[in-house]
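Asker: Quick one: sequence plus predicted model below, questions after.
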Protein chains: 2
Amino acid sequence: MLENPNPQMPSKAIPDRAQNPFIATDSVIFHALKGKLYIPLLQLKHPPYQGMWKLIGGLISLDQSIESSVIQQIENKTNIQKQNFIIDQVYTFGEVNRDIEKHSISIVYLALTHQMWPLKNSQHDMTVKWFPITELPPLAYDHEKIIKFTIGRLQAKVRSSNIIQGLLPEEFTLTELQQVYETVLDKTIDKRNFRKKISSMNIVESLKKKKTGMQNRPAELYRFISKQIETIELFSRQ
Amino acid sequence: MLENPNPQMPSKAIPDRAQNPFIATDSVIFHALKGKLYIPLLQLKHPPYQGMWKLIGGLISLDQSIESSVIQQIENKTNIQKQNFIIDQVYTFGEVNRDIEKHSISIVYLALTHQMWPLKNSQHDMTVKWFPITELPPLAYDHEKIIKFTIGRLQAKVRSSNIIQGLLPEEFTLTELQQVYETVLDKTIDKRNFRKKISSMNIVESLKKKKTGMQNRPAELYRFISKQIETIELFSRQ
């Protein structure tokens, strides 16, 4: 324990930093492309997890809020800029042995982006790559568990909020919207039911213009009504 | 920065503990009594928050998981034993200035207990008291914000899971169950609608015996079917 600098106040415990775990963030950054969800992972260069892959994250520094740390880690390690992703807190993981080197607690965020950005691979000699969530490489720490948990939370959030907009461009057709829902929920959805549901949720609006330059006949373009991530009350609960 | 003990591995950063925030837990412990929700708070004895009140919590130590820290803080500071409460993670708060003394991140849990336990007031010269959530004293740090946020989460969780069982004894009547729902959701519920809803949720079962020794005529006793906290699928979503 550190020495108490003020013996006038003996009952106030002085926190012992060496007895307190490290605190970090990790982000599962999703992009949906052609029926698959992708996430970027970073390959570790040194023992004890050499060659294995991890989520984008790192320790929080003293001058950072949790969210500013999440954003900085994503910008620095993937080169995806903050105007191109949205983030949402998922859960905090803190089993004692989740990192065999040190007790480190991780606040996990999900991030959603609407484009498969090229990833920066030079800084700190890092290798960062996109992987489909169905074909993940060997993962360090408890990151496999974290990714599975976060996919479940993403599916729940997509059902109860308008957060799916993070996976879509500003303007999209209803067919594109349905494809992204199907990718996240990992199921096919009947087109008529989907359109009825989307209409009842009141989260998108028509732009009153058509998407052109495609093989198929031009389709109506839509956008999300609110840019804020909001819960959808799907029915009156009581 | 700490000195790198292994110059063979120059590219591996050695974490600098002094640049990493402290990590703590805080618990909002609820009990429902006669139409009111109560939580225990602890009064601070020293500046800068002298005389103000805070949630039950403290720093996580190196040998503790997050949950074991939450349980130990509750047992040590309130004397409520772990078999008498259930806990559930709510959210992690980490604004840089939430504690004016040091950057400290807090993982917030809600805890539910079925009895208004007498609170221990002696250890470390502490004052711990139950307060109705409608009559809270002046709160230190961001604890007023945390309490409001946690009440909202409790209401959402009560609607979508069987977590309300943490506020009830092992055996209870449907009238008692309805009163606890009304207390948490802060609204009156029509008796017939309530019984229909509870029946459709399939979370409680009759014990096939009556509660006796009351003024009113004996009422059927119930218990929760599952002791595990489980999400209720109230309707098929797609």
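Answerer: Looks like it came in fine.
Asker: From now on I want contacts and neighbour counts done on CA atoms only, so please keep to that.
Answerer: Noted.
Asker: Would you mind pulling up the elements that the longest helix along chain A packs against?
Answerer: Determined from DSSP state H, the single longest helix within chain A is helix A:143-160. Packing partners of helix A:143-160 (3 or more C-alpha pairs under 8 Å, 6 or more residues apart in numbering or on different chains; DSSP states H and E): strand A:104-113, helix A:174-185.
Asker: so where's chain A uncertain?
Answerer: Along chain A, segments meeting pLDDT under 70 span A:1-14, A:121-125, A:214-215, A:233-238.
Asker: which SSE is A:Phe131 in?
Answerer: strand A:127-132 (DSSP states H and E).
Asker: ok, so what distance separates the closest residue to A:Val204 other than its chain neighbours from chain B?
Answerer: With C-alpha to C-alpha, 6 or more residues apart in numbering or on different chains as the criterion, A:Val204 has its nearest non-adjacent residue at 4.3 Å, and that residue is A:Phe224. As defined by C-alpha to the nearest C-alpha, to the nearest Å, A:Phe224 lies at a distance of 20 Å from chain B.
Asker: Now for A:Phe224, how many residues are close by?
Answerer: By other C-alpha atoms under 10 Å in any protein chain shown, the residues close to A:Phe224 number 20.
Asker: Quickly note the distance from it to A:Thr183.
Answerer: With the distance defined as C-alpha to C-alpha, to the nearest Å, A:Phe224 ends up 19 Å from A:Thr183.
Asker: picking up where we left off before, with distance to chain B and mean neighbour count as new columns, can the helices and strands packed on helix A:143-160 be given to me in a markdown table?
Answerer: Putting those into a markdown table (distance: least, C-alpha to the nearest C-alpha, whole Å; neighbours: other C-alpha atoms under 10 Å in any protein chain shown) gives the following:
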| stretch | distance to chain B | mean neighbour count |
| --- | --- | --- |
| strand A:104-113 | 7 | 23 |
| helix A:174-185 | 10 | 19 |
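Asker: among these, which is nearest A:Trp53?
Answerer: Nearest of the helices and strands packed on helix A:143-160 to A:Trp53, taken as C-alpha to C-alpha: strand A:104-113 at 16.1 Å.
Asker: which residues does the most centrally placed residue in chain A form a beta bridge with?
Answerer: Nearest to the mean C-alpha position of chain A, by C-alpha atoms, centre = their mean, lies A:Leu110 at 2.0 Å. For A:Leu110, the beta-bridge partners under DSSP bridges are A:Val28, A:Asp88.
Asker: so it sits right up against A:Ile39, yeah?
Answerer: No. Using C-alpha atoms under 8 Å, A:Leu110 is not in contact with A:Ile39; the gap is 10.3 Å.
Asker: Quick check: neighbours shared by those two?
Answerer: Common neighbours of A:Leu110 and A:Ile39, counting by C-alpha atoms under 8 Å, 6 or more residues apart in numbering or on different chains, are A:Val28, A:Ile29, A:Phe30.
Asker: Return the member of those nearest to B:Leu136.
Answerer: Using C-alpha to C-alpha, A:Val28 is the member of these that sits closest to B:Leu136, with 38.1 Å.
Asker: Would you confirm that that closest one contacts A:Gly57?
Answerer: No. Counting by C-alpha under 8 Å, A:Val28 stays clear of A:Gly57, with 9.2 Å between them.
Asker: gap between A:Leu110 and B:Gln89?
Answerer: 17 Å.
Asker: rewinding a little: who's in contact with the residue nearest to A:Val204?
Answerer: A:Gln165, A:Glu170, A:Ile203, A:Val204, A:Glu205.
Asker: for it, phi and psi?
Answerer: phi -70, psi 140 (degrees, to the nearest 10).
Asker: again, but for A:Gly166
Answerer: Torsion angles, degrees, to the nearest 10, at A:Gly166: phi -60, psi -20.
Asker: likewise A:Ile198?
Answerer: Backbone torsions of A:Ile198, given as degrees, to the nearest 10, read phi -60, psi -40.
Asker: Find the residue closest to it in space, skipping its chain neighbours.
Answerer: Nearest non-adjacent residue to A:Ile198, counting by C-alpha to C-alpha, 6+ apart: A:Val204, 7.6 Å away.
Asker: Do I have it right that that neighbour meets A:Tyr222?
Answerer: Yes. At 6.4 Å, A:Val204 and A:Tyr222 qualify as touching, with contact defined as C-alpha under 8 Å.
Asker: which one of these two has more residues nearby?
Answerer: A:Tyr222 (21 against 17).
Asker: Does that one touch A:Lys211 like I think?
Answerer: No. Judged on C-alpha under 8 Å, A:Tyr222 makes no contact with A:Lys211 at a distance of 9.7 Å.
Asker: Please identify every residue contacting each of these two.
Answerer: With C-alpha under 8 Å, 6+ apart, A:Tyr222 and A:Lys211 have common neighbours A:Thr173.
Asker: burial measure for A:Glu144, as a count.
Answerer: Counted with other C-alpha under 10 Å, A:Glu144 comes out at 17.
Asker: actually A:Arg192, sorry about that
Answerer: By other C-alpha under 10 Å, neighbour count at A:Arg192 equals 8.
Asker: Enumerate every residue touching it.
Answerer: Contacts of A:Arg192 (C-alpha under 8 Å, 6+ apart): none.
Asker: That one should be in a strand, yeah?
Answerer: No. Checked against DSSP: H, G, I helix; E, B strand; the rest coil, A:Arg192 lies outside a strand; its state is helix.
Asker: Which positions in stretch A:218-229 come out as buried?
Answerer: If you call a residue buried by 16 or more other C-alpha atoms under 10 Å in any protein chain shown, then stretch A:218-229 has these buried ones: A:Glu220, A:Leu221, A:Tyr222, A:Arg223, A:Phe224, A:Ile229.
Asker: So which residues on chain A come close to chain B?
Answerer: A:9, A:11-12, A:15, A:17-23, A:46, A:59-66, A:89, A:91-96, A:103, A:107, A:124, A:159, A:189, A:237-238 (C-alpha under 8 Å from any C-alpha of the partner chain).
Asker: Could I get the full set of helices for chain A?
Answerer: Counting by DSSP H, the helices of chain A are A:66-78, A:143-160, A:174-185, A:191-201.
Asker: Dump those helices to CSV, plus distance to B:Arg195.
Answerer: Shown next, in CSV, are those (distance: least, C-alpha to C-alpha, whole Å):
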stretch, distance to B:Arg195
helix A:66-78, 43
helix A:143-160, 26
helix A:174-185, 33
helix A:191-201, 28
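Asker: Show me the one of those that comes nearest B:Gln155.
Answerer: helix A:143-160 (15.4 Å).
Asker: Give me the angle between the closest one and helix A:174-185.
Answerer: 140 degrees (axes from the mean of the first three to the mean of the last three C-alpha atoms, to 10 degrees).
Asker: Helix A:143-160 versus strand A:104-113: what angle between them?
Answerer: 50 degrees.
Asker: mind giving me the domain ranges of chain A?
Answerer: A:18-159, A:161-224 (automatic domain parsing).
Asker: Buried deepest among the ones you listed, which one?
Answerer: domain A:18-159 (a mean of 18; mean count of other C-alpha atoms under 10 Å in any protein chain shown).
Asker: distance between the ends of it?
Answerer: Domain A:18-159 has an end-to-end distance of 42 Å (C-alpha to C-alpha).
Asker: next one: stretch A:169-178
Answerer: Chord length of stretch A:169-178, first to last residue, is 14 Å (C-alpha to C-alpha).
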